[in-house]
Structures are given as C-alpha cells and as structure tokens.
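# The following comprises the amino acid sequence and a computationally predicted model.
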Amino acid sequence: MVPVPYHIWQQASETDQIDGHMMNSSEDDIVQLNRSHVKRATEALIRAFWNHPPLQYYFPDEAERERIAPYFFSLSVFNGIRYGEVHATSQDLEGIAVWLPSDNYPVILWRLLRSVPPSEILGVARYGGARMRGLGQYIDAVHGRLAPFKHWFLQAIGVDPQFQGRGYASKLLRPMLARIDEEGLPCYLETLEGQNVRLYEHFGFKVIEESNVPNTSLTNWAMLRDAR
C-alpha cells in the first residue's frame with residue numbers, strides 16, 4: 001500500500017484573516033495551476049509546512065524530512081491538478097490551496113497512477129512508514145463518517161513563510177468559497193493546529209468534531225461549512 005499524505009495540511013494564521021480585506025490585488029487574480037507549476041508549488045509547500053505538526057510527526061529527523069518532503073508534497077499537487085483544483089494567489093505562488101470534490105476523495109492507488117509520475121509514487125512508497133499510514137487512515141475514517149455527502153474538501157492551504165501575514169490565505173479562500181456557495185455545496189476541512197480554527201470560523205466553518213489522534217499527541221479539528 002502506498003501511504004497517501006493527503007491530510008490536514010492547513011497552514012494559515014489569524015493575521016491572514018485580519019489582513020485579508022486589505023489586499024490591494026483583485027481576487028480575480030487567482031491562478032489555477034497545471035503540471036508546469038508542480039516543481040515550484042512543491043517547493044513553496046515544503047517551506048510553508050516545514051515545521052507543521054503532521055510533517056514533524058511523520059519525519060522528526062530533519063535530514064529525513066528534507067529527503068522525503070519533495071515526494072510527499074508533489075503527490076498532493078499532481079493529484080489535485082488532475083482530480084480537483086490547485087490555486088495560487090498569483091504567478092509568484094505566495095499561497096497555494098488544493099481543493100478536491102468529494103467524488104475524488106479519498107485518494108486511491110489507481111488514481112495516483114493516472115495522475116502522478118511513478119518516481120514520485122515510489123519515493124513516498126519507499127519512505128512512507130507506519131506513522132503516515134496510521135494517521136492517514138484515521139483522518140480518512142473521520143472524514144468519511146462526518147461528511148458522507150457531496151461536498152468540496154479543502155485538502156491543503158499554505159502560504160510561503162516570506163509572504164505570511166499579508167492576507168494571502170484569505171485571498172485563496174474567498175473566491176472558491178463564493179463559488180462553492182453558488183453550487184449549493186458544503187465544504188469540509190481538517191486541521192491539526194488549533195490556532196487555525198479561528199481563521200476558518202471567520203469564513204463560516206464550524207468545528208463538528210475535536211478528537212485526539214490515537215497513539216499520538218496530535219489533536220484533529222474537523223470543520224464543516226454548510227451549504228448556503
């Protein structure tokens with residue numbers, strides 16, 4: 001089984017929430033990424049999530065994390081481009097969000113084989129261990145139990161550290177949530193960082209379950225934004 005690292009990648013801040021309305025650039029500037037952007041998007045996500053709790057949990061050794069992270073995040077970007085949408089705040093990729101329709105989640109192997117180069121899959125399969133599988137299975141089970149209906153899933157949102165605190169997370173969220181509202185669908189996300197809960201509440205998400213991840217020190221917040 002290939003461990004699939006598509007869970008709880010939420011990296012934002014309350015500063016992003018507060019500053020969001022102060023952005024000078026139009027939200028229409030959001031860029032939808034394609035395969036030509038994968039390398040740069042992967043590098044930006046690595047920087048954004050380097051000290052993120054699940055990545056530290058998976059790979060506490062920094063040398064190991066540095067070796068595995070490119071495989072880890074490129075899978076998410078490749079898969080998001082093929083089976084969902086990957087957005088950036090501009091061509092500079094200050095912030096990136098990965099969105100998946102519920103029909104294409106959870107990620108299964110045959111979809112990975114169609115969307116991701118074999119070298120990336122083999123890299124994660126080689127280095128991904130029991131921790132990744134265990135956390136992933138738990139998060140998938142929570143997701144399936146709490147959101148067994150048609151919805152959009154905010155799989156990942158991250159802002160490159162050099163651009164954090166300037167409202168880029170808000171810039172990524174607003175236009176897509178408006179579109180989801182037009183479609184009459186709910187939106188689901190998970191985060192392992194309590195400091196992010198307030199940000200998502202600002203955008204209409206509500207905590208529907210807070211749970212301790214078994215055999216870890218991690219806490220998972222499952223959040224849902226109802227259809228409008």
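That came in fine, so what should we check first?
# ok, Y138 - how many residues close by?
18 (other C-beta atoms under 10 Å). Placement of C-beta: from N, CA and C, glycine included.
# I'd guess it is in a helix, am I close?
Yes: under DSSP: H, G, I helix; E, B strand; the rest coil, Y138 falls within a helix.
# check which helix or strand covers the residue most central in space within the chain.
The chain has A156 as the residue nearest its centroid, 1.0 Å off, counting by C-alpha atoms, centre = their mean. Per DSSP states H and E: A156 is located in strand 152-159.
# Give me the sheet partners of that strand and which way each runs.
strand 9-10 (parallel), strand 95-101 (antiparallel), strand 187-191 (parallel) (DSSP bridges).
# Please identify the deepest-packed of those strands.
Of the strands paired with strand 152-159, the one with the most neighbours on average (mean count of other C-beta atoms under 10 Å) is strand 9-10, at a mean of 26.
# Return the mean pLDDT over that one, rounded to an integer.
Across strand 9-10, the average pLDDT comes to 54.
# quick revisit: could I get the buried residue list for the helix or strand following the strand holding A156?
As assigned by DSSP H and E, the chain's next helix or strand after strand 152-159 is helix 168-183. Judged by neighbour count (16 or more other C-beta atoms under 10 Å), helix 168-183 contains these buried residues: Y168, A169, S170, K171, L172, L173, R174, M176, L177, I180.
# Likewise for stretch 198-206?
Neighbour-count burial for stretch 198-206 [16+ other C-beta under 10 Å]: L199, Y200, F203, F205.
# any idea where the helices of the chain begin and end?
With DSSP state H as the criterion, the chain has helices at 14-19, 38-49, 53-58, 62-83, 109-115, 118-127, 130-146, 168-183, 197-202.
# Report the mean confidence score over the last one.
Taken as a whole, helix 197-202 has an average pLDDT of 96.
# tell me which strands and helices it is in contact with?
helix 14-19, strand 187-191, strand 219-225 (3 or more C-beta pairs under 8 Å, 6 or more residues apart in numbering; DSSP states H and E).
# which outside residues touch the longest one?
If I follow you right, that is strand 219-225. The contact list for strand 219-225, computed with C-beta atoms under 8 Å, 6 or more residues apart in numbering, reads 8, 138-139, 142-143, 146-147, 151, 177, 180, 186-192, 194, 196-197, 200, 203-213.
# chain center to stretch 73-92: distance?
Mean-position distance between stretch 73-92 and its chain equals 10 Å (C-alpha atoms, centre = their mean, to the nearest Å).
# Buried ones in that stretch, by neighbour count?
For stretch 73-92, a neighbour-count test (16+ other C-beta under 10 Å) marks 73-81, 83-89 as buried.
# Looking at those, which is nearest K39?
Closest approach between these and K39, by C-beta to C-beta: S74, at 7.8 Å.
# Neighbours of the nearest residue to that closest one once chain neighbours are set aside, how many?
In space, and not counting its chain neighbours, S74 is closest to T42: 4.5 Å by C-beta to C-beta, 6 or more residues apart in numbering. For T42, the neighbour count with other C-beta under 10 Å is 22.
# So T42 versus R35, what's the distance?
12 Å (C-beta to C-beta, to the nearest Å).
# Tell me how many other residues crowd the closest residue in space to R65 that isn't next to it in sequence.
Nearest residue to R65 in three dimensions, chain neighbours excluded: F59, at 3.9 Å (C-beta to C-beta, 6+ apart). A total of 21 residues lie near F59 under the criterion other C-beta under 10 Å.
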